[in-house]
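Participant: From the sequence below, what's the structure:
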Amino acid sequence: MAERGGTGGRAPAVLTAAGPVPRRAGPEGMPACARVINDWIDATPRMPRLHAPEEVEGILRAAYDARAIWVAGDPVEACLSFDPEPSGTVPEIEREGRG
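Facilitator: So this is what the prediction gives:
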């Protein structure tokens, strides 16, 4: 049976680009994630603010143990939080290059 990703059982190489490399966030990264999220909400008219800016860090800290949280940049300029359990969600796009 072929190894997934065709690595022959070796760990895949770390892919880098001109941009920041993603990494798992530690609890100490939650203030930076809150800043990124708050800045995005404030800059995105279609995104209603459901929580006060000062609440966002607490929400992230409360969710930390149950979610996978990744960041990129130093200082952090991007973050991603998701449920690590498979959910069967498949993203759909209208055309490539969007999303």
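Participant: does the residue nearest the centre of the chain count as helix, strand or coil?
Facilitator: Nearest to the geometric centre of the chain sits Leu80, at 1.2 Å (Cα atoms, centre = their mean). Of the three states, Leu80 takes strand under DSSP: H, G, I helix; E, B strand; the rest coil.
Participant: quick one: low-confidence parts of this structure?
Facilitator: Applying pLDDT under 70 to the chain picks out residues 1-17, 88-99.
Participant: Just the helices from it, written as ranges.
Facilitator: For the chain, applying DSSP state H gives helices covering 30-43, 53-63.
Participant: Please tell me how far the residue nearest to the residue nearest to the centre of the chain when sequence neighbours are not counted sits from Pro31.
Facilitator: In this structure, Leu80 finds its nearest non-sequential neighbour in Trp70, 4.7 Å apart by Cβ to Cβ, 6 or more residues apart in numbering. In short, each C-beta sits where N, CA and C put it, glycine included. Distance of Trp70 to Pro31, given as Cβ to Cβ, to the nearest Å: 16 Å.
Participant: cool, and Glu77?
Facilitator: Note on Glu77: its distance to Pro31, by Cβ to Cβ, is 14 Å.
Participant: correct me, but Ala66 touches Ser81?
Facilitator: No - judged on Cβ atoms under 8 Å, Ala66 makes no contact with Ser81 at a distance of 9.9 Å.
Participant: out of the two, which sits in the more crowded spot?
Facilitator: The residue with more neighbours, out of Ala66 and Ser81, is Ser81; 17 against 10, by other Cβ atoms under 10 Å.
Participant: what's across from the more buried one in the sheet?
Facilitator: Under DSSP bridges, the beta-bridge partners of Ser81 are Ile69.
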